[in-house]
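In: with the input below, show me the fold.
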Amino acid sequence: MSTPTTAASRFSCDLGPEMGPAVVKGVDFGVIGDGERLKDITGFFTQTAAAPQR
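Out: Presented below is the predicted three-dimensional model:
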């Protein structure tokens, strides 16, 4: 009996205005299932903007 192999992926993302710094940055981890389709994905924020001072 063979053990199925699981492929994984990791990618990062930035979100912010076109001409400004990133407001949020993150990293995502994906599991590739049968048929080379994305089976599951989990994301984490690695940097967020500070809350405005009141």
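In: ranges for the strands of the protein?
Out: Ranges of strands in the chain, per DSSP state E, are 7-15, 24-32, 38-48.
In: now for those, which one comes closest to R54?
Out: strand 38-48 (17.6 Å; Cβ to Cβ). Yep, even glycine has a C-beta here, placed from its N, CA and C like the rest.
In: mean confidence score for the closest one?
Out: Averaging pLDDT along strand 38-48 gives 93.
In: what's it packed up against?
Out: strand 24-32 (3 or more Cβ pairs under 8 Å, 6 or more residues apart in numbering; DSSP states H and E).
In: how far does the strand it packs on sit from its chain's centre?
Out: Relative to its chain's centre, strand 24-32 lies at 2 Å (Cα atoms, centre = their mean, to the nearest Å).
In: outside of that strand itself, list whatever touches it.
Out: Residues from elsewhere that reach strand 24-32 (Cβ atoms under 8 Å, 6 or more residues apart in numbering): 6-16, 38-49.
In: and stretch 21-36, end to end?
Out: 34 Å (Cα to Cα, to the nearest Å).
In: numbering from 438 from now on, please.
Out: Done: numbering now begins at 438, and the last item shifts to stretch 458-473.
In: tell me which residues of that stretch come out buried.
Out: Residues of stretch 458-473 classed as buried by neighbour count (16 or more other Cβ atoms under 10 Å): 462-463, 467.
In: bridged to the spatially most central residue of the chain, which residues?
Out: Geometric centre of the chain, nearest residue: D465, 1.9 Å, by Cα atoms, centre = their mean. In this entry, D465 is beta-bridged to F448, G480, by DSSP bridges.
In: for E455, see how far away it is.
Out: From D465 over to E455 the distance is 22 Å, taken as Cβ to Cβ, to the nearest Å.
In: residue ranges with poor pLDDT in this structure?
Out: Filtered on pLDDT under 70, the chain yields the residue ranges 438-442.
In: which residues touch F482?
Out: Contact analysis of F482 by Cβ under 8 Å, 6+ apart lists 461-463.
In: ok, those vs D471, which is closest?
Out: Of all the contacts of F482, G463 has the smallest distance to D471: 27.0 Å, by Cβ to Cβ.
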